[in-house]
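Next comes the sequence, and after it the predicted model I'd like to discuss.
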Amino acid sequence: MIGPTGVGKTEIARRLSKLVNAPFLKVEATKFTEVGYVGRDVEQIIRDLIEVGVRIVKDISKKSIEETAQHNVINMIVDILVGESALPETREKFKKKLENQELDSKDIDIEINDTPSPAPSIDIPGMPGAQMGMFNLSDLFQKTFASKKKTIKTTIGEAKKLLLQDQIDELLDMDAVHQNAIDLVQNHGIVFIDEIDKICTRQQHKGSDVSREGVQRDLLPLIEGTSVPTKYGVIKTEHILFIASGAFHISKPSDLLPELQGRLPIRVELQPLSQSDFVKILTEPEHNLLTQAIGLLKTEGVVVSFDSEAIDHIARLATVANSRIENIGARRLHTIIEKLLEDISFNAPDLIDKSIVITKDMVIDIIEPIVKKQDLSQFIL
Ligand SMILES: Nc1ncnc2c1ncn2[C@@H]1O[C@H](COP(=O)(O)OP(=O)(O)O)[C@@H](O)[C@H]1O
Ligand SMILES: [Mg+2]
(Lines give C-alpha, C1' and ligand atoms only; values in the text may rest on other atoms or scores of the structure.)
(Ligands and ions follow the chains in the order given, each with its own letter.)
Protein backbone atom coordinates (compact mmCIF):
# COMPACT_ATOMS: atom_id res chain seq x y z
CA MET A 1 0.00 0.00 0.00
CA ILE A 2 1.49 3.22 -1.18
CA GLY A 3 0.07 6.49 0.03
CA PRO A 4 0.97 9.79 1.66
CA THR A 5 1.04 10.08 5.42
CA GLY A 6 -2.33 10.30 7.13
CA VAL A 7 -4.43 8.70 4.39
CA GLY A 8 -5.22 5.81 6.66
CA LYS A 9 -2.79 3.03 5.77
CA THR A 10 -2.31 2.05 9.38
CA GLU A 11 -6.01 2.59 10.02
CA ILE A 12 -6.87 0.11 7.25
CA ALA A 13 -4.56 -2.41 8.88
CA ARG A 14 -6.15 -1.87 12.25
CA ARG A 15 -9.70 -2.28 10.88
CA LEU A 16 -8.69 -5.29 8.84
CA SER A 17 -7.44 -7.03 11.93
CA LYS A 18 -10.83 -6.61 13.58
CA LEU A 19 -12.83 -7.68 10.52
CA VAL A 20 -10.97 -10.88 9.76
CA ASN A 21 -10.91 -13.15 12.74
CA ALA A 22 -7.43 -14.23 11.78
CA PRO A 23 -4.15 -13.91 13.60
CA PHE A 24 -2.99 -10.45 12.65
CA LEU A 25 0.25 -8.71 13.50
CA LYS A 26 1.34 -5.20 12.62
CA VAL A 27 5.03 -4.43 12.80
CA GLU A 28 7.18 -1.43 11.98
CA ALA A 29 9.85 -2.33 9.47
CA THR A 30 12.24 0.07 11.17
CA LYS A 31 12.19 -1.93 14.41
CA PHE A 32 14.14 -4.81 12.93
CA THR A 33 17.81 -5.39 12.37
CA GLU A 34 19.67 -7.78 10.14
CA VAL A 35 20.21 -11.28 11.52
CA GLY A 36 23.50 -11.33 13.40
CA TYR A 37 23.27 -7.72 14.55
CA VAL A 38 22.00 -6.75 17.98
CA GLY A 39 18.26 -6.16 17.86
CA ARG A 40 15.10 -7.93 16.78
CA ASP A 41 15.45 -10.15 13.74
CA VAL A 42 12.54 -10.60 11.34
CA GLU A 43 11.80 -14.18 12.45
CA GLN A 44 10.49 -12.56 15.61
CA ILE A 45 7.49 -11.53 13.47
CA ILE A 46 6.49 -15.17 13.12
CA ARG A 47 7.18 -15.90 16.78
CA ASP A 48 4.91 -12.99 17.73
CA LEU A 49 2.26 -14.03 15.20
CA ILE A 50 2.01 -17.52 16.66
CA GLU A 51 1.50 -15.95 20.10
CA VAL A 52 -1.48 -14.09 18.63
CA GLY A 53 -2.74 -17.36 17.11
CA VAL A 54 -2.38 -19.23 20.40
CA ARG A 55 -4.34 -16.48 22.17
CA ILE A 56 -7.18 -16.70 19.63
CA VAL A 57 -7.41 -20.50 19.71
CA LYS A 58 -7.10 -20.56 23.50
CA ASP A 59 -10.01 -18.13 23.85
CA ILE A 60 -12.19 -20.18 21.53
CA SER A 61 -11.27 -23.43 23.28
CA LYS A 62 -11.88 -21.90 26.68
CA LYS A 63 -15.38 -20.88 25.68
CA SER A 64 -16.16 -24.39 24.53
CA ILE A 65 -15.13 -25.98 27.84
CA GLU A 66 -16.37 -23.27 30.14
CA GLU A 67 -19.74 -24.90 30.76
CA THR A 68 -18.18 -28.22 31.75
CA ALA A 69 -15.65 -26.43 33.94
CA GLN A 70 -18.37 -24.41 35.65
CA HIS A 71 -20.34 -27.59 36.32
CA ASN A 72 -17.24 -29.28 37.81
CA VAL A 73 -16.52 -26.32 40.04
CA ILE A 74 -20.01 -26.34 41.55
CA ASN A 75 -19.64 -30.07 42.27
CA MET A 76 -16.24 -29.52 43.85
CA ILE A 77 -17.59 -26.85 46.17
CA VAL A 78 -20.59 -28.99 47.10
CA ASP A 79 -18.13 -31.79 47.95
CA ILE A 80 -16.27 -29.48 50.28
CA LEU A 81 -19.44 -28.11 51.90
CA VAL A 82 -21.49 -31.26 52.48
CA GLY A 83 -19.14 -34.14 51.61
CA GLU A 84 -19.37 -36.59 48.74
CA SER A 85 -21.59 -38.99 50.69
CA ALA A 86 -24.35 -36.48 51.38
CA LEU A 87 -27.89 -37.22 50.28
CA PRO A 88 -28.60 -36.35 46.66
CA GLU A 89 -31.39 -33.96 47.75
CA THR A 90 -28.98 -32.11 50.04
CA ARG A 91 -26.42 -31.82 47.26
CA GLU A 92 -29.06 -30.49 44.86
CA LYS A 93 -30.16 -27.90 47.39
CA PHE A 94 -26.60 -26.63 47.80
CA LYS A 95 -26.02 -26.64 44.06
CA LYS A 96 -29.04 -24.38 43.57
CA LYS A 97 -27.83 -22.03 46.28
CA LEU A 98 -24.37 -21.89 44.75
CA GLU A 99 -25.72 -21.27 41.28
CA ASN A 100 -27.90 -18.46 42.62
CA GLN A 101 -24.87 -16.86 44.31
CA GLU A 102 -26.60 -17.16 47.68
CA LEU A 103 -23.49 -18.45 49.47
CA ASP A 104 -20.92 -16.22 47.77
CA SER A 105 -19.98 -14.27 50.89
CA LYS A 106 -19.36 -17.37 53.07
CA ASP A 107 -15.80 -18.55 53.73
CA ILE A 108 -14.38 -21.80 52.42
CA ASP A 109 -11.04 -23.65 52.32
CA ILE A 110 -10.01 -24.71 48.82
CA GLU A 111 -7.04 -26.32 47.19
CA ILE A 112 -5.72 -24.52 44.13
CA ASN A 113 -2.75 -24.88 41.84
CA ASP A 114 0.28 -23.08 43.15
CA THR A 115 1.88 -21.59 40.05
CA PRO A 116 4.97 -19.55 40.80
CA SER A 117 5.21 -16.11 39.26
CA PRO A 118 6.97 -16.32 35.90
CA ALA A 119 10.73 -16.46 36.17
CA PRO A 120 12.48 -13.46 34.63
CA SER A 121 13.39 -14.14 31.02
CA ILE A 122 17.08 -14.37 30.43
CA ASP A 123 18.76 -13.43 27.21
CA ILE A 124 21.16 -16.03 25.95
CA PRO A 125 24.48 -14.26 25.39
CA GLY A 126 25.23 -13.85 21.71
CA MET A 127 21.70 -14.85 20.73
CA PRO A 128 19.52 -11.81 21.31
CA GLY A 129 15.87 -12.71 21.38
CA ALA A 130 16.67 -16.39 21.77
CA GLN A 131 14.68 -16.70 24.97
CA MET A 132 11.57 -16.03 22.90
CA GLY A 133 12.42 -18.63 20.34
CA MET A 134 12.83 -22.35 20.62
CA PHE A 135 12.51 -22.66 24.36
CA ASN A 136 11.61 -20.41 27.16
CA LEU A 137 13.17 -20.66 30.58
CA SER A 138 10.20 -19.29 32.47
CA ASP A 139 7.99 -21.90 30.78
CA LEU A 140 10.30 -24.67 31.87
CA PHE A 141 10.17 -23.43 35.45
CA GLN A 142 6.41 -23.20 35.36
CA LYS A 143 6.00 -26.76 34.10
CA THR A 144 8.23 -28.08 36.90
CA PHE A 145 6.15 -26.44 39.58
CA ALA A 146 2.73 -26.73 38.00
CA SER A 147 1.66 -29.84 39.92
CA LYS A 148 2.05 -28.19 43.34
CA LYS A 149 -1.16 -27.42 45.23
CA LYS A 150 -1.84 -25.05 48.07
CA THR A 151 -4.78 -24.62 50.43
CA ILE A 152 -6.25 -21.19 50.93
CA LYS A 153 -9.20 -19.70 52.79
CA THR A 154 -11.42 -17.40 50.80
CA THR A 155 -15.03 -16.54 50.08
CA ILE A 156 -17.12 -18.92 47.99
CA GLY A 157 -17.58 -16.21 45.39
CA GLU A 158 -13.82 -15.88 45.00
CA ALA A 159 -13.33 -19.66 45.20
CA LYS A 160 -15.63 -20.14 42.20
CA LYS A 161 -13.39 -17.92 40.11
CA LEU A 162 -10.11 -19.48 41.26
CA LEU A 163 -11.34 -23.05 40.85
CA LEU A 164 -12.82 -22.24 37.45
CA GLN A 165 -9.43 -20.99 36.29
CA ASP A 166 -7.77 -24.22 37.50
CA GLN A 167 -10.49 -26.35 35.91
CA ILE A 168 -10.13 -24.59 32.58
CA ASP A 169 -6.35 -25.04 32.71
CA GLU A 170 -6.86 -28.71 33.47
CA LEU A 171 -9.45 -29.34 30.78
CA LEU A 172 -7.64 -27.30 28.15
CA ASP A 173 -5.66 -29.55 25.86
CA MET A 174 -2.74 -27.24 25.28
CA ASP A 175 -1.11 -29.53 22.71
CA ALA A 176 -4.26 -29.34 20.61
CA VAL A 177 -4.43 -25.57 21.14
CA HIS A 178 -0.87 -25.19 19.91
CA GLN A 179 -1.43 -27.43 16.90
CA ASN A 180 -4.62 -25.57 15.94
CA ALA A 181 -2.85 -22.26 16.40
CA ILE A 182 -0.07 -23.36 14.08
CA ASP A 183 -2.64 -24.43 11.44
CA LEU A 184 -4.49 -21.13 11.82
CA VAL A 185 -1.36 -19.03 11.52
CA GLN A 186 0.04 -21.00 8.59
CA ASN A 187 -3.17 -20.75 6.58
CA HIS A 188 -4.79 -17.50 7.64
CA GLY A 189 -2.12 -15.41 9.33
CA ILE A 190 -1.70 -11.79 8.19
CA VAL A 191 1.42 -9.71 8.74
CA PHE A 192 1.24 -5.99 8.16
CA ILE A 193 4.65 -4.39 7.72
CA ASP A 194 4.32 -0.66 8.18
CA GLU A 195 6.87 1.97 7.08
CA ILE A 196 8.53 -0.35 4.58
CA ASP A 197 9.76 2.72 2.70
CA LYS A 198 11.98 3.57 5.68
CA ILE A 199 14.16 0.53 5.06
CA CYS A 200 14.79 1.43 1.45
CA THR A 201 18.31 2.25 0.42
CA ARG A 202 18.40 5.13 -1.95
CA GLN A 203 20.89 4.68 -4.72
CA GLN A 204 23.18 7.50 -3.59
CA HIS A 205 23.35 6.31 0.02
CA LYS A 206 24.56 2.79 -0.64
CA GLY A 207 27.09 1.70 1.92
CA SER A 208 25.82 3.49 4.99
CA ASP A 209 22.61 1.49 5.01
CA VAL A 210 23.89 -2.06 4.81
CA SER A 211 21.81 -3.13 7.74
CA ARG A 212 18.56 -1.87 6.25
CA GLU A 213 19.19 -3.71 3.04
CA GLY A 214 19.95 -6.68 5.25
CA VAL A 215 16.47 -6.44 6.76
CA GLN A 216 14.95 -6.46 3.27
CA ARG A 217 17.06 -9.49 2.42
CA ASP A 218 15.93 -11.23 5.61
CA LEU A 219 12.28 -10.53 4.78
CA LEU A 220 12.58 -12.28 1.41
CA PRO A 221 12.48 -15.91 2.59
CA LEU A 222 9.77 -15.08 5.11
CA ILE A 223 7.47 -13.73 2.39
CA GLU A 224 8.44 -16.36 -0.17
CA GLY A 225 7.93 -19.20 2.28
CA THR A 226 10.27 -20.66 4.82
CA SER A 227 10.12 -22.59 8.07
CA VAL A 228 10.54 -20.71 11.31
CA PRO A 229 11.15 -22.62 14.53
CA THR A 230 9.08 -21.39 17.46
CA LYS A 231 8.48 -22.77 20.91
CA TYR A 232 5.18 -24.23 19.68
CA GLY A 233 6.68 -25.95 16.68
CA VAL A 234 7.88 -25.12 13.21
CA ILE A 235 5.77 -22.59 11.28
CA LYS A 236 5.71 -22.62 7.49
CA THR A 237 5.21 -19.14 6.10
CA GLU A 238 4.17 -19.91 2.47
CA HIS A 239 0.52 -19.05 2.97
CA ILE A 240 0.86 -16.21 5.42
CA LEU A 241 -0.34 -12.97 3.83
CA PHE A 242 2.17 -10.14 3.95
CA ILE A 243 0.99 -6.57 3.43
CA ALA A 244 3.60 -3.84 3.34
CA SER A 245 2.84 -0.16 3.51
CA GLY A 246 4.71 3.08 3.21
CA ALA A 247 4.42 6.73 2.25
CA PHE A 248 7.28 6.49 -0.25
CA HIS A 249 7.68 10.24 -0.40
CA ILE A 250 11.48 10.10 -0.21
CA SER A 251 12.26 6.67 -1.56
CA LYS A 252 10.30 4.89 -4.29
CA PRO A 253 8.99 1.33 -4.43
CA SER A 254 11.65 0.76 -7.08
CA ASP A 255 14.31 1.45 -4.44
CA LEU A 256 13.37 -1.76 -2.67
CA LEU A 257 15.48 -4.79 -3.47
CA PRO A 258 14.24 -6.09 -6.82
CA GLU A 259 13.56 -9.52 -5.30
CA LEU A 260 11.41 -7.93 -2.61
CA GLN A 261 9.48 -5.93 -5.21
CA GLY A 262 8.76 -9.20 -6.97
CA ARG A 263 7.42 -10.72 -3.80
CA LEU A 264 5.00 -7.89 -3.17
CA PRO A 265 3.33 -8.05 -6.58
CA ILE A 266 0.04 -6.32 -5.89
CA ARG A 267 0.36 -2.57 -5.47
CA VAL A 268 -2.41 -0.37 -4.20
CA GLU A 269 -2.08 3.37 -4.33
CA LEU A 270 -4.08 5.44 -1.88
CA GLN A 271 -5.16 8.89 -3.02
CA PRO A 272 -4.78 11.87 -0.68
CA LEU A 273 -7.96 12.49 1.28
CA SER A 274 -10.32 15.21 0.07
CA GLN A 275 -12.51 17.61 1.97
CA SER A 276 -15.54 15.37 1.58
CA ASP A 277 -13.49 12.41 2.86
CA PHE A 278 -12.75 14.48 5.94
CA VAL A 279 -16.46 15.08 6.53
CA LYS A 280 -17.04 11.33 6.30
CA ILE A 281 -14.14 10.58 8.64
CA LEU A 282 -15.55 13.08 11.11
CA THR A 283 -19.06 11.68 11.06
CA GLU A 284 -19.35 8.12 9.79
CA PRO A 285 -17.23 5.85 12.00
CA GLU A 286 -18.99 4.75 15.17
CA HIS A 287 -16.27 6.18 17.37
CA ASN A 288 -15.31 9.13 15.23
CA LEU A 289 -13.23 12.09 16.34
CA LEU A 290 -16.27 14.20 17.17
CA THR A 291 -17.98 11.61 19.36
CA GLN A 292 -14.63 11.06 21.06
CA ALA A 293 -14.23 14.77 21.76
CA ILE A 294 -17.82 14.99 22.97
CA GLY A 295 -17.28 11.99 25.23
CA LEU A 296 -14.09 13.45 26.65
CA LEU A 297 -15.75 16.74 27.58
CA LYS A 298 -18.71 14.89 28.99
CA THR A 299 -16.43 13.33 31.60
CA GLU A 300 -15.81 16.89 32.77
CA GLY A 301 -19.51 17.60 32.86
CA VAL A 302 -19.68 19.73 29.73
CA VAL A 303 -22.12 18.90 26.95
CA VAL A 304 -20.96 19.92 23.48
CA SER A 305 -22.33 19.22 20.02
CA PHE A 306 -21.27 20.21 16.52
CA ASP A 307 -23.68 21.63 13.96
CA SER A 308 -23.30 20.34 10.44
CA GLU A 309 -21.99 23.62 9.01
CA ALA A 310 -19.27 23.60 11.64
CA ILE A 311 -18.27 20.08 10.59
CA ASP A 312 -18.09 21.11 6.94
CA HIS A 313 -15.92 24.03 7.92
CA ILE A 314 -13.55 21.92 10.02
CA ALA A 315 -13.09 19.70 6.95
CA ARG A 316 -12.50 22.73 4.75
CA LEU A 317 -9.92 24.29 7.05
CA ALA A 318 -8.16 20.93 7.43
CA THR A 319 -7.82 20.81 3.65
CA VAL A 320 -6.52 24.36 3.54
CA ALA A 321 -4.03 23.74 6.34
CA ASN A 322 -2.82 20.57 4.63
CA SER A 323 -2.17 22.41 1.39
CA ARG A 324 -0.51 25.41 3.06
CA ILE A 325 1.63 23.83 5.73
CA GLU A 326 2.19 20.16 5.08
CA ASN A 327 -0.15 17.41 3.98
CA ILE A 328 -0.57 15.22 7.03
CA GLY A 329 -3.92 13.86 5.89
CA ALA A 330 -6.59 13.04 8.45
CA ARG A 331 -4.13 13.70 11.27
CA ARG A 332 -4.90 17.39 10.66
CA LEU A 333 -8.42 16.81 11.94
CA HIS A 334 -6.99 15.81 15.32
CA THR A 335 -4.98 18.99 15.66
CA ILE A 336 -7.82 21.24 14.53
CA ILE A 337 -10.38 19.71 16.87
CA GLU A 338 -7.87 19.82 19.69
CA LYS A 339 -7.33 23.54 19.10
CA LEU A 340 -11.03 24.20 18.61
CA LEU A 341 -11.98 22.72 21.97
CA GLU A 342 -8.93 23.90 23.89
CA ASP A 343 -10.65 26.83 25.61
CA ILE A 344 -13.80 24.88 26.41
CA SER A 345 -11.72 22.11 27.88
CA PHE A 346 -9.64 24.56 29.88
CA ASN A 347 -12.71 26.31 31.25
CA ALA A 348 -14.65 23.10 31.80
CA PRO A 349 -15.04 23.59 35.58
CA ASP A 350 -17.02 26.81 34.90
CA LEU A 351 -19.11 25.24 32.16
CA ILE A 352 -20.51 22.29 34.06
CA ASP A 353 -24.09 21.44 33.08
CA LYS A 354 -24.05 23.94 30.19
CA SER A 355 -24.57 22.72 26.66
CA ILE A 356 -22.46 24.29 23.97
CA VAL A 357 -23.11 24.04 20.27
CA ILE A 358 -20.02 24.44 18.11
CA THR A 359 -21.04 26.57 15.15
CA LYS A 360 -19.41 27.53 11.89
CA ASP A 361 -18.68 30.99 13.31
CA MET A 362 -16.79 29.50 16.23
CA VAL A 363 -14.69 27.40 13.87
CA ILE A 364 -13.93 30.47 11.76
CA ASP A 365 -13.08 32.59 14.81
CA ILE A 366 -10.74 30.11 16.41
CA ILE A 367 -9.13 28.24 13.51
CA GLU A 368 -9.08 30.55 10.51
CA PRO A 369 -6.63 33.14 11.93
CA ILE A 370 -4.19 30.34 12.72
CA VAL A 371 -4.46 28.78 9.29
CA LYS A 372 -3.91 32.19 7.69
CA LYS A 373 -0.74 32.99 9.61
CA GLN A 374 1.57 30.47 8.09
CA ASP A 375 4.45 30.66 10.58
CA LEU A 376 2.01 30.49 13.47
CA SER A 377 0.11 27.55 12.10
CA GLN A 378 3.27 25.50 11.75
CA PHE A 379 3.51 25.42 15.50
CA ILE A 380 -0.10 25.31 16.48
CA LEU A 381 -1.91 23.13 13.96
N1 LIG B 1 -10.34 6.63 5.99
C2 LIG B 1 -10.26 6.95 7.28
N3 LIG B 1 -11.33 6.78 8.11
C4 LIG B 1 -11.23 7.11 9.43
N5 LIG B 1 -10.15 7.61 10.01
C6 LIG B 1 -9.08 7.79 9.26
C7 LIG B 1 -9.06 7.47 7.85
N8 LIG B 1 -7.85 7.75 7.37
C9 LIG B 1 -7.13 8.22 8.40
N10 LIG B 1 -7.85 8.26 9.54
C11 LIG B 1 -7.37 8.75 10.85
O12 LIG B 1 -6.27 9.59 10.63
C13 LIG B 1 -5.18 9.29 11.48
C14 LIG B 1 -3.94 8.94 10.67
O15 LIG B 1 -4.16 7.76 9.93
P16 LIG B 1 -3.06 6.63 9.74
O17 LIG B 1 -3.73 5.38 9.36
O18 LIG B 1 -2.18 6.57 10.95
O19 LIG B 1 -2.25 7.21 8.52
P20 LIG B 1 -1.00 6.58 7.75
O21 LIG B 1 -1.45 6.41 6.33
O22 LIG B 1 0.07 7.63 7.86
O23 LIG B 1 -0.62 5.30 8.40
C24 LIG B 1 -5.64 8.14 12.36
O25 LIG B 1 -5.99 8.67 13.60
C26 LIG B 1 -6.88 7.60 11.68
O27 LIG B 1 -7.80 7.21 12.65
MG1 LIG C 1 1.11 4.81 9.46
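That came through fine. Numbering: from 1, shown residues only. Ligands and ions are numbered 1, 2, ... in the order given.

show me the contacts for the residue lying closest to residue 40 once chain neighbours are set aside.
For residue 40, ignoring the flanking residues on the chain, the nearest one in space by C-beta to C-beta, 6 or more residues apart in numbering is residue 32 at 5.3 Å. Using the backbone N, CA and C atoms, a C-beta is placed for each residue, glycine as well. With contact taken as C-beta atoms under 8 Å, 6 or more residues apart in numbering, residue 32 is in contact with 39, 40, 41, 42, 44, 45, 199, 215, 218.

cool, and residue 151?
Residues in contact with residue 151, defined by C-beta under 8 Å, 6+ apart, are 109, 110, 111.

ok, now residue 368?
With contact taken as C-beta under 8 Å, 6+ apart, residue 368 is in contact with residue 317.

And it, how close does it get to residue 339?
As judged by C-beta to C-beta, to the nearest Å, residue 368 and residue 339 stand 11 Å apart.

how about the residues of this protein that lie near ligand 1?
With C-beta under 6 Å from any ligand atom as the criterion, the chain meets ligand 1 at residues 3, 5, 6, 7, 8, 9, 10, 11, 281, 285, 330, 331.

isn't the second one right next to residue 331, touching?
Yes. Counting by C-beta atoms under 8 Å, residue 5 touches residue 331, with 7.4 Å between them.

how about the helices in this protein?
Using DSSP state H, the helices of the chain run over 9-19, 43-82, 88-99, 137-145, 156-171, 174-188, 210-224, 258-263, 275-283, 289-298, 308-324, 331-346, 360-372, 374-380.

Columns distance to residue 231 on top of those, output as CSV?
Listed next are those as CSV, based on distance: least, C-beta to C-beta, whole Å:
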stretch, distance to residue 231
helix 9-19, 23
helix 43-82, 8
helix 88-99, 39
helix 137-145, 7
helix 156-171, 18
helix 174-188, 9
helix 210-224, 18
helix 258-263, 27
helix 275-283, 41
helix 289-298, 39
helix 308-324, 47
helix 331-346, 39
helix 360-372, 53
helix 374-380, 49
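
So for the nearest residue to residue 317 once chain neighbours are set aside, what's the pLDDT?
In space, and not counting its chain neighbours, residue 317 is closest to residue 367: 5.0 Å by C-beta to C-beta, 6+ apart. Looking at residue 367, its pLDDT is 93.

Excluding chain neighbours, give the residue nearest to residue 9 in space.
residue 245 (4.3 Å).

Kindly apply the preceding question to residue 234 instead.
Going by C-beta to C-beta, 6+ apart, residue 234 has residue 227 as its nearest residue, at 5.0 Å.

Run through the residues that contact the closest residue to ligand 1 within the stretch 201-350 of the chain.
Nearest to ligand 1 in the stretch 201-350 of the chain, going by C-beta to the nearest ligand atom, is residue 330, at a distance of 3.2 Å. By C-beta under 8 Å, 6+ apart, the residues touching residue 330 are 6, 7, 8, 11, 273, 277, 278, 281, 318.

export the residues you listed to TSV and tack on pLDDT, neighbour count and distance to residue 54?
Output for those, formatted as TSV (pLDDT from 0 to 100; neighbours: other C-beta atoms under 10 Å; distance: C-beta to C-beta, whole Å):
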residue	pLDDT	neighbour count	distance to residue 54
6	91	21	34
7	93	23	33
8	92	18	30
11	88	14	27
273	94	24	37
277	96	17	38
278	97	25	40
281	96	20	35
318	95	29	42
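
Need the buried ones from the contacts of residue 151 selected in PyMOL.
Of these, the buried ones go into a single PyMOL selection, burial set by 16 or more other C-beta atoms under 10 Å:
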select buried, resi 110
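
Out of the contacts of residue 151, flag the one nearest to ligand 1.
For ligand 1, the closest of those turns out to be residue 110, at 46.9 Å, with distances computed as C-beta to the nearest ligand atom.

Tell me the pLDDT of the closest one.
The confidence metric pLDDT takes the value 90 at residue 110.

show me what contacts it?
By C-beta under 8 Å, 6+ apart, residue 110 lies in contact with 76, 77, 80, 151, 152, 154, 159, 162, 163.

One more pass at 7 Å, please.
By C-beta atoms under 7 Å, 6 or more residues apart in numbering, the contact set of residue 110 is 80, 152, 154, 159, 162, 163.

From residue 89, how far out is it?
24 Å.
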